[in-house]
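Asks: mind looking at a prediction? Sequence and model below.
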Amino acid sequence: MRPFEYARPDTEAEALEMLNDHGGNTAVLAGGTDLISLMKRELVTPDRVVDLKNVPSLSEIREEDGGVRIGSLVTLDEMQKHPLLNNYQSLRHVIDGIRAIQIQHMGTLGGDLCHLPNCWYFRSGYGLLAIERGVSLVEAGDNRYHAIFGNQGAAKFVSASRFAPGLVAWGARVEVIGPNPQQSESIPLEHFYITPKLSNQGVTVLKPGQLISHIWLPVARQQQSATYEVLQMEGLDWPLAAAASCVEIEGGVVQSAKIVMGHVAPTPIVATAAATILLGNALTVDAANLAADIAVSQATPLSNNGYKVQLARTAVKRSLLKAIGHPEGGI
Ligand SMILES: Cc1cc2nc3c(=O)[nH]c(=O)nc-3n(C[C@H](O)[C@H](O)[C@H](O)COP(=O)(O)OP(=O)(O)OC[C@H]3O[C@@H](n4cnc5c(N)ncnc54)[C@H](O)[C@@H]3O)c2cc1C
């Protein structure tokens with residue numbers, strides 16, 4: 001690991017000041033469960049690490065603007081227990097799926113949303129685009145865990161965040177602060193992720209010196225929600241495919257629906273046509289199957305990952321049925 005400075009601010013403004021030294025070659029430390037291993041492998045080499053743990057405003061969960069505002073430093077365990085999040089079942093499903101008490105206690109919501117891809121080429125030092133001498137290592141090599149959507153350009157990794165699909169389905173917004181202490185903007189989470197085209201681009205719209213301070217969720221009224229992740233292992237594992245659904249049913253028919261797929265593309269994928277087909281109809285097994293077929297109809301799998309199309313299809317169908325408590329929604 002390369003030498004670095006360690007800074008521990010007490011306020012959001014101090015954190016931004018500390019992040020903006022060294023020409024912005026700094027890194028935010030939340031739970032540290034991923035950042036430290038990235039630094040050990042010298043995949044991330046900041047001159048200074050800014051530890052947010054002493055900034056109390058980032059650890060709050062409270063009602064605000066008709067919804068719930070969650071600090072980026074809130075841990076998965078705190079989210080699991082907090083009564084204000086009782087109606088956001090799709091988020092609880094994600095936490096249940098992270099089967100390690102240590103990670104639930106240390107991992108934070110902001111850290112999950114900004115988690116860099118688990119692509120093995122990236123983690124082996126070949127960069128996010130994994131291109132060597134003009135050749136895509138992903139295309140030429142083992143791509144079994146890579147993207148089945150949005151993979152026509154150079155980026156072929158999958159977005160790693162486990163909360164993003166559920167939060168996007170709920171219509172969450174992220175509050176981004178910095179680089180100056182006076183600057184803050186609220187962005188729909190749906191627009192937070194980007195697919196890099198150049199090797200110097202990241203996976204989100206965050207610029208050097210910025211950080212996520214809070215995540216805001218609209219109030220949960222009549223909506224029912226679920227996340228279904230396809231996990232290979234019983235223990236700690238990353239999903240092969242996932243989907244989150246948020247539906248509102250009145251008079252036996254679907255009034256509104258949003259379906260978001262995760263771990264299948266460089267960004268979460270909103271399956272708009274699949275959700276639209278449900279509107280005005282009962283949410284039956286047949287309807288869920290039809291929506292799932294539509295959701296994956298535009299998939300473009302790589303040489304080794306055609307199997308992920310079926311997994312994504314199953315995740316969509318089951319997330320819809322799980323949201324309404326149907327037994328075919330699985331566990
Ligand atoms: C050995 C190991 C295995 C793991 N396996 C899995 C697994 O299989 N499945 C799983 O879901 N999780 C796994 N995790 C946990 C995963 O790292 C965490 O769930 C979480 O994604 C990271 O949260 P953190 O707070 O520790 O983030 P950090 O490690 O502190 O940060 C992660 C990234 O986000 C950035 N960041 C953090 N907070 C902010 C912010 N507020 N604004 C801007 N950027 C920010 C950091 O700079 C860094 O780039 C594993 C962790 C370990 C140590």
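Replies: Perfect, thanks for sending it. Residues are numbered from 1 along each chain as shown.
Asks: in stretch 26-46, what's buried?
Replies: Residues of stretch 26-46 classed as buried by neighbour count (16 or more other C-beta atoms under 10 Å): 26-35, 38-39, 43-44, 46. (Each C-beta comes from the backbone N, C-alpha and C, glycine too.)
Asks: ok, longest helix in the chain?
Replies: Secondary structure of the chain per DSSP state H: the longest helix is helix 307-323.
Asks: export only the CA atoms of that helix, formatted as CSV.
Replies: Taking Å, rounded to 0.1, in the frame of the first residue of the first chain, the C-alpha atoms of helix 307-323 are listed here in CSV:
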residue,chain,number,x,y,z
TYR,A,307,-27.1,-18.0,-18.7
LYS,A,308,-27.5,-14.6,-17.0
VAL,A,309,-30.4,-13.7,-19.3
GLN,A,310,-32.5,-16.4,-17.8
LEU,A,311,-31.4,-15.4,-14.3
ALA,A,312,-32.3,-11.8,-14.9
ARG,A,313,-35.7,-12.9,-16.3
THR,A,314,-36.3,-15.0,-13.1
ALA,A,315,-35.3,-12.1,-10.9
VAL,A,316,-37.8,-9.8,-12.5
LYS,A,317,-40.6,-12.2,-12.3
ARG,A,318,-39.9,-13.2,-8.7
SER,A,319,-39.4,-9.6,-7.5
LEU,A,320,-42.8,-8.7,-8.9
LEU,A,321,-44.5,-11.7,-7.2
LYS,A,322,-42.5,-11.3,-4.0
ALA,A,323,-43.7,-7.7,-3.7
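Asks: re the thing from before, check the buried residues of stretch 26-46 and tell me the two furthest apart.
Replies: Pairwise distances across the buried residues of stretch 26-46 peak at 18.9 Å for Thr26 and Thr33 (criterion: C-beta to C-beta).
Asks: dump the residue contacts of the residue in the stretch 51-200 of the chain positioned nearest to the ligand.
Replies: Relative to the ligand, the nearest point of the stretch 51-200 of the chain is Gly111 (2.2 Å; C-beta to the nearest ligand atom). Neighbouring residues of Gly111 by C-beta atoms under 8 Å, 6 or more residues apart in numbering: Ala30, Gly31, Gly32, Thr33, Asp34, Leu35.
Asks: returning to what we had before: can you spell out which helices and strands pack onto the longest helix of the chain?
Replies: Judged by 3 or more C-beta pairs under 8 Å, 6 or more residues apart in numbering; DSSP states H and E, the packing partners of helix 307-323 are helix 89-97, strand 224-230, strand 241-250, strand 253-262, helix 285-296.
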